[in-house]
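**Student:** give me a model of this one.
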Amino acid sequence: MKRNIVMGAIAHYQWYKVENFFLSWKKYCSETSDCVIFVENISDVARKCLLLLGVKVIDIPPSECVKYINDHRYEYYLEFLKNNRENYDKILLCDIRDSVFQKNIFEIVKEKDFIYVA
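**Tutor:** Below is the predicted model:
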């Protein structure tokens with residue numbers, strides 16, 4: 001059975017600014033989904049916490065950090081999905097800092113072959 005995927009991007013954040021999102025993902029969604037996060041210049045504490053929770057952390061190459069991550073995150077998502085789409089069923093693209101999970105979103109959304117955005 002394919003897993004689902006939650007994708008997002010963060011830059012220049014300390015752990016306290018994003019912990020609610022990742023802790024709620026771990027609690028409600030981690031059994032059925034992977035979490036892939038593109039990062040630019042995050043704190044060492046944030047990186048360690050993400051890895052401990054089982055989040056796949058993908059660093060944006062320093063040569064690309066001149067771009068504002070929020071404006072270019074969809075390019076990173078697309079490239080990742082082009083190379084990994086066959087591994088995933090449902091796809092959720094999320095803002096991180098101002099979002100939390102209150103239940104497993106993948107139990108609510110039934111359609112496949114869609115990209116959901118939150």
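**Student:** count the neighbours of Arg47 for me.
**Tutor:** 15 (other Cβ atoms under 10 Å). C-beta here means a position set from N, CA and C on the backbone, and glycine is covered the same way.
**Student:** what sits against the residue nearest to it when sequence neighbours are not counted?
**Tutor:** Nearest non-adjacent residue to Arg47, counting by Cβ to Cβ, 6 or more residues apart in numbering: Val57, 6.3 Å away. Contacts for Val57 (Cβ atoms under 8 Å, 6 or more residues apart in numbering) come out as 37, 39, 47, 50-51.
**Student:** Val57 bridge partners, please.
**Tutor:** Ile37 (DSSP bridges).
**Student:** how far away is Tyr68 from Gln14?
**Tutor:** 19 Å (Cβ to Cβ, to the nearest Å).
**Student:** where's Tyr76, which helix or strand?
**Tutor:** Using DSSP states H and E, the element containing Tyr76 is helix 69-84.
**Student:** and that helix, what does it pack onto?
**Tutor:** Identification of packing neighbours for helix 69-84 by 3 or more Cβ pairs under 8 Å, 6 or more residues apart in numbering; DSSP states H and E yields strand 3-11, strand 33-40, strand 88-93.
**Student:** and these as CSV, adding mean neighbour count?
**Tutor:** Below are the helices and strands packed on helix 69-84 laid out as CSV (neighbours: other Cβ atoms under 10 Å):
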stretch, mean neighbour count
strand 3-11, 21
strand 33-40, 21
strand 88-93, 18
